[in-house]
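S.K.: have a look; sequence and predicted model below, questions after that.
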Amino acid sequence: MNTDDTSGNDSTDYKDPETLRRLYWDEGLSMREIGERFGVTNGAIQHWMDKHEIDRRGISESITSQIAGFETSYNGYERWRSEIDGAAVRVHRLLAVSEYGLDAVKDNHIHHENGIRWDNRPSNIKPLSPSEHIDEHHKGQKSANSKLTDRQVVEIKRLLDSTDMTHDSIAKSYGVSQSLISMIANGKRRSG
């Protein structure tokens, strides 16, 4: 008996390009489902599909046969992660779309009112523009974020372009938030 074909559902070899094309494209099976049919991992199927240069379906075509996993990120945000490509979406953003609509969320940050990143109750979130979000986090403080001079912004841009300093280290050296440095890097903040 061929040990590569343990399921008994298909008498062909999973390494055969025509078999892979038929199962993946004609029958619409996922790589995971093909692997289960032959008793091998989806990584083995992916390897042979790559080797035979078999194109893959786009995410929208294959998402119906995939499962998303729930996790909490290293910085405390709950999120759903796709097993297709590893893409993740944060729960508070999904909740905000459901509560406020896509247009209110798409270009905005979602703020947790009580500062607890995993507290995703509808009453605890609200969409804010990036600058409103920064201001919200510095409310009641004399924030250096609003006090950068034009010269400092130019210096920060130079550091971003010509050094390998992290956004965090630049932020600490100027006494501002890392998100402000990211805004400068992305061209969303020009001067104080």
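M.R.: Perfect, I can see it now. Numbering: from 1, shown residues only.
S.K.: in the protein, where is pLDDT below threshold?
M.R.: Residues of the chain meeting the criterion pLDDT under 70: 1-11, 59-67, 83-85, 138-147, 188-192.
S.K.: in it, which spans are helices?
M.R.: Ranges of helices in the chain, per DSSP state H, are 17-21, 31-38, 42-51, 59-62, 91-100, 102-105, 130-137, 150-162, 167-174, 178-185.
S.K.: reformat those as CSV; add distance to E71.
M.R.: To be clear about C-beta, it is placed using only N, CA and C from the backbone, and glycine gets the same treatment. Below are the helices of the chain laid out as CSV (distance: least, CB to CB, whole Å):
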stretch, distance to E71
helix 17-21, 31
helix 31-38, 19
helix 42-51, 20
helix 59-62, 19
helix 91-100, 10
helix 102-105, 21
helix 130-137, 24
helix 150-162, 31
helix 167-174, 23
helix 178-185, 23
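S.K.: nearest to H112, of these?
M.R.: helix 91-100 (6.7 Å; CB to CB).
S.K.: so for stretch 150-159, what gets flagged as buried?
M.R.: For stretch 150-159, a neighbour-count test (16 or more other CB atoms under 10 Å) marks 152-153, 156, 159 as buried.
S.K.: do the same with stretch 93-111
M.R.: Result for stretch 93-111 [16+ other CB under 10 Å]: buried residues 93-97, 100, 105, 108-111.
S.K.: before we move on, back to that, so can I have JSON lines of the buried residues of stretch 150-159 showing distance to I170?
M.R.: Formatted as JSON lines, the buried residues of stretch 150-159 follow (distance: CB to CB, whole Å):
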{"residue": "Q152", "distance to I170": "11"}
{"residue": "V153", "distance to I170": "11"}
{"residue": "I156", "distance to I170": "6"}
{"residue": "L159", "distance to I170": "5"}
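S.K.: so which of those comes closest to N120?
M.R.: Comparing these against N120 with CB to CB places I156 closest, at 33.4 Å.
S.K.: quick check: the gap between that closest one and Y174.
M.R.: 7 Å (CB to CB, to the nearest Å).
S.K.: any common contacting residues for the two?
M.R.: 148, 181 (CB atoms under 8 Å, 6 or more residues apart in numbering).
S.K.: what's near enough to touch A96?
M.R.: Applying CB under 8 Å, 6+ apart to A96 gives the contacts 104-105, 110, 125-127.
S.K.: now swap in R21 and tell me
M.R.: Neighbouring residues of R21 by CB under 8 Å, 6+ apart: I54.
S.K.: quick one on the thing from earlier: would a markdown table of the buried residues of stretch 93-111 with distance to E36 be doable?
M.R.: Rendered in a markdown table, the data for the buried residues of stretch 93-111 read as follows (distance: CB to CB, whole Å):
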| residue | distance to E36 |
| --- | --- |
| R93 | 33 |
| L94 | 29 |
| L95 | 34 |
| A96 | 37 |
| V97 | 34 |
| Y100 | 40 |
| V105 | 37 |
| N108 | 42 |
| H109 | 41 |
| I110 | 38 |
| H111 | 43 |
